[in-house]
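**Student:** Could you work out the structure for the sequence below:
(chains A and B)
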There are 2 protein chains.
Amino acid sequence: MVIGYKLYIEQAEPWLSERTKRVSSVMTEEIKRAEEALETAVNTGGRIAIVSGGDPGLYAMAGVVYELAASKKIPLGKGKGKLRIRVIPGTPALVAGAALLGAPITHDFCTISLSDRLTEWDLIKKRLILASQSDFVIVIYNPKSYGRTWQLGEAKMLLLDNLKVTTPVGICSKLGRHGEKARIVTLRELEPDDIDMQTILIVGNSTTFVYDGCMITPRGYVKKYGPGRPHQGEDDGEPDEA
Amino acid sequence: MVIGYKLYIEQAEPWLSERTKRVSSVMTEEIKRAEEALETAVNTGGRIAIVSGGDPGLYAMAGVVYELAASKKIPLGKGKGKLRIRVIPGTPALVAGAALLGAPITHDFCTISLSDRLTEWDLIKKRLILASQSDFVIVIYNPKSYGRTWQLGEAKMLLLDNLKVTTPVGICSKLGRHGEKARIVTLRELEPDDIDMQTILIVGNSTTFVYDGCMITPRGYVKKYGPGRPHQGEDDGEPDEA
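**Tutor:** Coordinates of the predicted model:
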């Protein structure tokens, strides 16, 4: 059985067998979806796949499935009488968006969802303030929705308290879907009214710049190892991440 | 031509044609690698692939390539005389590690590299302090290396100033490679001496818990919509991310 939001089931169709049962649900029913999947797995012992957008572990279904399994005290793990949950990692929207924009993240960053359905606005606000004081690149999820429209404007004001008005902001829409696009504005130019719910924003740090339409956050390689500087690898014995 | 750190070229072998030229380099030579790729592309007009681990945009090669192209003023974009750079997004270590542990991230998080080769330790320290005050899940990259051993111990002390000693910490090694593994300890139990450079750490937030060997950061669905609570979707009109 495959269960998920309608759009994701449709996207998964090419890989599904005819015999596989499809159960699609609407956007707001994550908990019902997780409940149905867990109950079916426990009662039938069958294999259930929950499809999710981006990576299932970030702002998606893995969390609610585990949260519910724990609250129902379903024994997890391998072996008889236990339920085995496996999360298959994917490509999160934040890296898909970054790839379209150039290399805006590259180093320390944070993600903040502006949805105050499950998180108090005061905590979201605190995170926005401390993140901008930390000089993180800031990825904003859920900037808006049909019923929630003022948070992005307030977030912009909070960020402007610590960031330059010229800070580049990447705006990425419909990532991984038909009509996917990305554009770059400055924080001052960011117009909350133009942003919709299928969008994530990537706000640069103090060093981020735009070159030939690409948003780039330098790691500092060129500054440290550029022309006339020591050859990389000679001044330390340390490998880097790449 | 395919260029990259030796280990990644070996991993890419099954997808490479016999005719493709392989150029492998050592770990510390990111800038030399990027320079060679850019020069070859500009001079020959050929297609060059730089292979990178995880996602190329996070702590990996996309940043240094763009940084170098900008510093050399190579015109970027489509069309004659321009160089077209495309970043192919991938699965970052942080989501691969999270998937092995359970659902430890699920919501707002940040990543902090403890490497002070290109970033001042004072800034890293500030980020650790503010991140723990923000109640972010904190993903730690580059906890150690051969030549850099004291940073993780100091990071642990800084985190303990704001986090509970019982905060779960996921320790993930060799992600996506042979011998991949994950285990969970508490922040108090975290033993910097046992951590090596092929490891990332995921430090939970104030709500993260361990259930049946799985590390879980709840989003709050069960608290808000669990038994006896309003049915999800009835009390608001807003879709969520999943």
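
**Student:** So what touches the helix or strand harbouring A:Met215?
**Tutor:** Per DSSP states H and E, A:Met215 falls inside strand A:214-216. The contact list for strand A:214-216, computed with C-beta atoms under 8 Å, 6 or more residues apart in numbering or on different chains, reads A:101-104, A:106, A:168, A:170, A:184, A:202, A:204, A:208-210, B:63, B:66-67, B:70, B:76, B:85. C-betas here are computed from N, CA, C, even on glycine.

**Student:** Ok, stretch A:176-187 next?
**Tutor:** Contact partners of stretch A:176-187, identified using C-beta under 8 Å, 6+ apart, comprise A:53-54, A:91, A:93, A:96-97, A:100-101, A:156, A:159-160, A:163-174, A:191, A:198, A:203, A:210, A:213, A:215.

**Student:** for the lowest-mean-pLDDT helix or strand in chain A, packing partners?
**Tutor:** Least confident element among the helices and strands of chain A, by mean pLDDT, DSSP states H and E: helix A:221-225 (a mean of 76). The contact analysis (3 or more C-beta pairs under 8 Å, 6 or more residues apart in numbering or on different chains; DSSP states H and E) places helix A:221-225 against helix B:30-44, helix B:61-71.

**Student:** Export it to PDB, keeping only CA atoms.
**Tutor:** The C-alpha coordinates for helix A:221-225 follow below in PDB (Å, rounded to 0.1, in the frame of the first residue of the first chain):
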ATOM      1  CA  TYR A 221      39.000  29.600   0.000                       C
ATOM      2  CA  VAL A 222      40.000  32.400  -2.500                       C
ATOM      3  CA  LYS A 223      40.700  34.800   0.300                       C
ATOM      4  CA  LYS A 224      42.900  32.300   2.100                       C
ATOM      5  CA  TYR A 225      44.500  30.300  -0.800                       C
END
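
**Student:** which other residues reach that helix?
**Tutor:** Contact with helix A:221-225 is made by A:His231, A:Gln232, B:Glu30, B:Ile31, B:Ala34, B:Gly63, B:Val64, B:Glu67, B:Leu68, B:Ser71, B:Arg117, B:Leu118, as judged by C-beta under 8 Å, 6+ apart.

**Student:** I only care about the residues you listed that end up buried; give me the ChimeraX line for that.
**Tutor:** The buried subset of these, as determined by 16 or more other C-beta atoms under 10 Å in any protein chain shown, is captured in ChimeraX by this line:
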select /A:232 /B:30,31,34,63,64,67,68,117
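
**Student:** one step back: same list, the helices and strands packed on helix A:221-225, but as TSV with distance to A:Gln11 please.
**Tutor:** Below are the helices and strands packed on helix A:221-225 laid out as TSV (distance: least, C-beta to C-beta, whole Å):
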stretch	distance to A:Gln11
helix B:30-44	33
helix B:61-71	26
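
**Student:** As a markdown table, those helices with mean pLDDT and distance to B:Lys144 would be great.
**Tutor:** What follows is the helices and strands packed on helix A:221-225, written out as a markdown table (pLDDT from 0 to 100; distance: least, C-beta to C-beta, whole Å):
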| stretch | mean pLDDT | distance to B:Lys144 |
| --- | --- | --- |
| helix B:30-44 | 92 | 19 |
| helix B:61-71 | 95 | 22 |
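
**Student:** export those helices to TSV and tack on distance to chain A?
**Tutor:** Below are these laid out as TSV (distance: least, C-beta to the nearest C-beta, whole Å):
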stretch	distance to chain A
helix B:30-44	5
helix B:61-71	3
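
**Student:** among those, which is nearest A:Asp135?
**Tutor:** With C-beta to C-beta as the criterion, A:Asp135 lies closest to helix B:61-71 of the helices and strands packed on helix A:221-225, at 15.7 Å.

**Student:** What helices and strands are in contact with the helix or strand that that closest one is followed by?
**Tutor:** Next helix or strand after helix B:61-71 toward the C-terminus (DSSP H and E): helix B:93-101. With contacts defined as 3+ C-beta pairs under 8 Å, 6+ apart, helix B:93-101 has these neighbours: strand B:137-141, strand B:168-173, strand B:181-186, strand B:199-203.

**Student:** Does A:Lys72 touch A:Ala41 like I think?
**Tutor:** No. A:Lys72 is beyond contact range of A:Ala41, at 11.7 Å (criterion: C-beta atoms under 8 Å).

**Student:** Which of these two has more residues huddled nearby?
**Tutor:** A:Ala41 (20 against 14; other C-beta atoms under 10 Å in any protein chain shown).

**Student:** excluding its backbone neighbours, what's nearest that one?
**Tutor:** In space, A:Ala41 comes closest to A:Ile48 once its chain neighbours are excluded; the distance is 4.8 Å by C-beta to C-beta, 6 or more residues apart in numbering or on different chains.

**Student:** nearest residue to A:Met1 other than its sequence neighbours?
**Tutor:** A:Lys21 (4.5 Å).

**Student:** you'd agree A:Thr166 is in a helix?
**Tutor:** No. When DSSP: H, G, I helix; E, B strand; the rest coil is applied, A:Thr166 is found to be coil, with no helix at that position.
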